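Colleague: Fold the following.
(one chain, ligands or ions: 1)
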Amino acid sequence: TNGSAPAVPSDQYDSLYLSPVTVGSSTLHLDFDTGSSDLWVFSSLQAQSSLVGHDYYMVDPAKEKQGYTWKISYGDGSGASGKVYADKVVVGGVTATAQAVEAATAVSAQFTQDVDTDGLLGLAMSTLNTVKPQQQKTFFDTVLKQLAQPLFAVDLKYHAAGSYDFGFIDKSKYTGAINYVNADTSKGWWGVSATAYSIGNASTSATVSGILDTGTTLLYVDTPIVKAYYAKVKGSKMDNTQGGYVFPCSATLPDFSLTIGGVKQIVPGKHINYSPTSAGNCFGGIQTNDGIGFSILGDIFLKSKYVIHEMGSTPRIGFAQQ
Ligand SMILES: O=C(CNCCc1c[nH]c2ccccc12)Nc1scc(-c2ccccc2)c1C(=O)NCc1ccccc1
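Modeller: The predicted structure follows:
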């Protein structure tokens, strides 16, 4: 089988993208996340006050995986935890009949206040799943064998609705060739490495290793690259109070690219103006990966491409121009 689900920006800045998913008998709007591996949802196990504004999963005690728990925390300090159920999950017509559904009993304020997000659907390797005493499969792993092809394709868009395709490549969603590289899945993520970067039309050799991550909004790369980029943006500065590089909203932003598999993957300058700040300037879509230890190729990087994640005998990533 095959299936496709829309990916709709949650706000005017593309902070995150939401996709409709049937979980049990509820339709929830989840953030598909290639940077983590838990399918967790707001649930009836939480206090009503935490559920205001959210759709949530009505747990059925008969479906509980007794004694199973989960607890996840992310780099921004957000997180959630709870219990585990086995229930039907449907994404774009693709059905997992007994998918591990991680029902929240506690969710951090970062998620509770974001009333549009009813949970996350992890699409990294199942080796990163946090369920104890036994790790559970991601939705993709659960349905893999029933898919016509062992892949999903990510089509996130700039300030517009895109899609996630499961089991097939949609030729109408890209132009030109698909450029494939092997994925490094050894750390549980969809890892890739670049051999150069370019700012405007100046290219520099460098090794940039990172992960593809639909669950992270921005593009985080090594500090020297970030400094070199904003050196080309008049009036830009690192503003610690705002948590990153900012610049005058009228600034012209150069394109940025990473050369992966010998092909320049270009991020248009326009996409690097992420959002206005409360201080009257604009916040950069490229920021430093200080303290993370690798680069995170988040939505800012992804939203100009059609990216195929293929879990064949050798996991591969395919890049094509939207
Ligand atoms: O966790 C994910 C993907 N799921 C995100 C779900 C999510 C976390 N808040 C959310 C808020 C809304 C929607 C989804 C999420 N990716 C990875 S790999 C390494 C790090 C990391 C490790 C150490 C330090 C920093 C990052 C992260 C990370 O924390 N990204 C989020 C982020 C990255 C930078 C800044 C903020 C957040």
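
Colleague: Please make it C-alpha for all contacts and neighbour counts, starting now.
Modeller: Noted.

Colleague: doesn't Gly79 make contact with Ile70?
Modeller: No Ile there; residue 70 is Trp. No. The criterion here is C-alpha atoms under 8 Å, and Trp70 misses it with Gly79 at 10.7 Å.

Colleague: neighbour count winner among those two?
Modeller: Shown here are Trp70 and Gly79; by other C-alpha atoms under 10 Å, Trp70 has more neighbours (23 against 16).

Colleague: pLDDT wise, what is Gly79 at?
Modeller: Gly79 is assigned a pLDDT of 98 by the prediction.

Colleague: Quick check: closest non-adjacent residue to it.
Modeller: Leaving out its chain neighbours, the residue that sits closest to Gly79 by C-alpha to C-alpha, 6 or more residues apart in numbering is Ser73, at 4.1 Å.

Colleague: What is the burial count for the one you found?
Modeller: 12.

Colleague: What values do phi and psi take at it?
Modeller: Dihedral angles of Ser73 (phi, psi; degrees, to the nearest 10) stand at phi -140, psi 150.

Colleague: you'd agree it is up against Ala80?
Modeller: Yes. Using C-alpha under 8 Å, Ser73 makes contact with Ala80 at a distance of 6.7 Å.

Colleague: Helix, strand, or coil at Asp116?
Modeller: Judged by DSSP: H, G, I helix; E, B strand; the rest coil, the three-state class of Asp116 is coil.

Colleague: ditto for Phe111
Modeller: Following three-state DSSP, we place Phe111 in the helix state.

Colleague: Tell me how many other residues crowd Gln142.
Modeller: In this structure residue 142 is Thr, not Gln. The number of residues packed near Thr142 is 17, by other C-alpha under 10 Å.

Colleague: From Pro133, how far out is it?
Modeller: Going from Thr142 to Pro133 by C-alpha to C-alpha, to the nearest Å gives 19 Å.

Colleague: do Tyr68 as well
Modeller: Distance, Tyr68 to Pro133, using C-alpha to C-alpha: 6 Å.

Colleague: okay, these two: which has more neighbours?
Modeller: Legend: neighbour count by other C-alpha under 10 Å for Tyr68 and Pro133, higher for Tyr68 (16 against 10).

Colleague: Who are the contact partners of that one?
Modeller: Applying C-alpha atoms under 8 Å, 6 or more residues apart in numbering, we find Tyr68 in contact with Lys83, Val84, Val131, Lys132, Pro133, Gln134.

Colleague: repeat that with 10 Å
Modeller: Shown in contact with Tyr68 (C-alpha atoms under 10 Å, 6 or more residues apart in numbering): Gly82, Lys83, Val84, Tyr85, Glu102, Val131, Lys132, Pro133, Gln134, Gln135.

Colleague: which ones are touching the last one?
Modeller: By C-alpha under 10 Å, 6+ apart, the residues touching Gln135 are Ser37, Asp38, Tyr68, Thr69, Trp70, Ala100, Ser126, Thr127, Leu128, Asn129.

Colleague: what is the closest residue to Ile260 other than its chain neighbours paired to in the beta sheet?
Modeller: With C-alpha to C-alpha, 6+ apart as the criterion, Ile260 has its nearest non-adjacent residue at 4.6 Å, and that residue is Ala194. Ala194 has these beta-bridge partners by DSSP bridges: Val208.

Colleague: With the one 5 residues further on instead?
Modeller: The partner list for Ile199 in beta bridges (DSSP bridges) reads Ala202, Phe256.

Colleague: Would you check that it makes contact with Ser257?
Modeller: Yes. With contact defined as C-alpha atoms under 10 Å, Ile199 reaches Ser257; the gap is 6.8 Å.

Colleague: Touching both of those two, which residues are there?
Modeller: Contact with both Ile199 and Ser257 is made by residues Ile266, Val267, Gly269, according to C-alpha under 10 Å, 6+ apart.

Colleague: from these, which is closest to the ligand?
Modeller: Of all these, Val267 has the smallest distance to the ligand: 18.5 Å, by C-alpha to the nearest ligand atom.
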